[in-house]
Every structure is written in C-alpha cells, then in structure tokens.
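Novice: my questions are about this predicted structure, shown below with the sequence.
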Amino acid sequence: MSQRPDLVSGKGGPVVLTPNVREYSLLASAVLGDESAPISQLARKMNGPIIFRKGAIDQIAGPNGQVWRLCDVGLR
C-alpha cells in the first residue's frame with residue numbers, strides 16, 4: 001500500500017486499512033512525506049479509506065479526518 005496508495009485514495013465504497021506502527025509510518029511517508037503525520041491528516045489526504053491504526057492505543061480515522069481512540073476501557 002505504501003508503494004501504491006492511489007489504489008484506495010479517493011475510491012468510493014468501504015475500504016478499511018489496518019496498518020501496524022511500521023506500516024503506518026511507510027504509508028504516511030508515501031502519502032504525506034512525513035512518517036509521523038497525524039492519522040487525521042493522512043485520512044483526509046487519502047480521501048476515501050477508513051484507517052484503523054493499531055498500537056498501544058488504537059486509532060480509527062474516517063475520510064473526513066475525524067478520529068476515535070480505542071483503549072482497554074473502550075472508545076474515547
């Protein structure tokens with residue numbers, strides 16, 4: 001995906017990406033030129049897929065950049 005983000009950018013229909021920490025870094029670097037860019041910025045730029053970033057605190061971002069965080073207690 002980091003080599004061909006255009007495969008899902010701006011596409012209609014449900015597309016969900018589930019990158020781990022390293023995969024997220026590669027994708028953010030390919031799309032934004034910044035491997036540590038906020039998930040909201042990446043989701044808006046890709047304009048289509050829902051991004052579910054896995055980590056100590058999982059993050060989900062919709063195409064509009066809205067972000068939800070998941071922890072062992074639930075949604076925040």
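Specialist: Received the coordinates, thanks.

Novice: ok, the nearest residue to C71 once chain neighbours are set aside to G10 distance?
Specialist: What sits nearest to C71 in space, not counting adjacent residues and going by CB to CB, 6 or more residues apart in numbering, is I57, at 5.1 Å. From N, CA and C alone the C-beta is placed, and that goes for glycine too. According to CB to CB, to the nearest Å, I57 stands 28 Å off from G10.

Novice: mind checking pLDDT for the residue nearest to C71?
Specialist: Looking at I57, its pLDDT reads 84.

Novice: distance of it from V21?
Specialist: 11 Å.

Novice: the spatially most central residue of the chain bridge partners, please.
Specialist: Centroid-nearest residue in the chain, with CA atoms, centre = their mean: I51, separated by 3.3 Å. For I51, the beta-bridge partners under DSSP bridges are L17, A61.

Novice: so it sits against Q41, correct?
Specialist: No: using CB atoms under 8 Å, I51 makes no contact with Q41, being 10.7 Å away.

Novice: which residue packs closest to R44, ignoring adjacent ones?
Specialist: Nearest to R44 is G65, by CB to CB, 6+ apart, at 4.1 Å.

Novice: swap that for L70, please
Specialist: Looking at L70 with CB to CB, 6+ apart, the closest residue is D58, at 4.1 Å.

Novice: also P5?
Specialist: V31 (5.0 Å).

Novice: check contacts around the one you found.
Specialist: 5, 9, 42, 45-46 (CB atoms under 8 Å, 6 or more residues apart in numbering).
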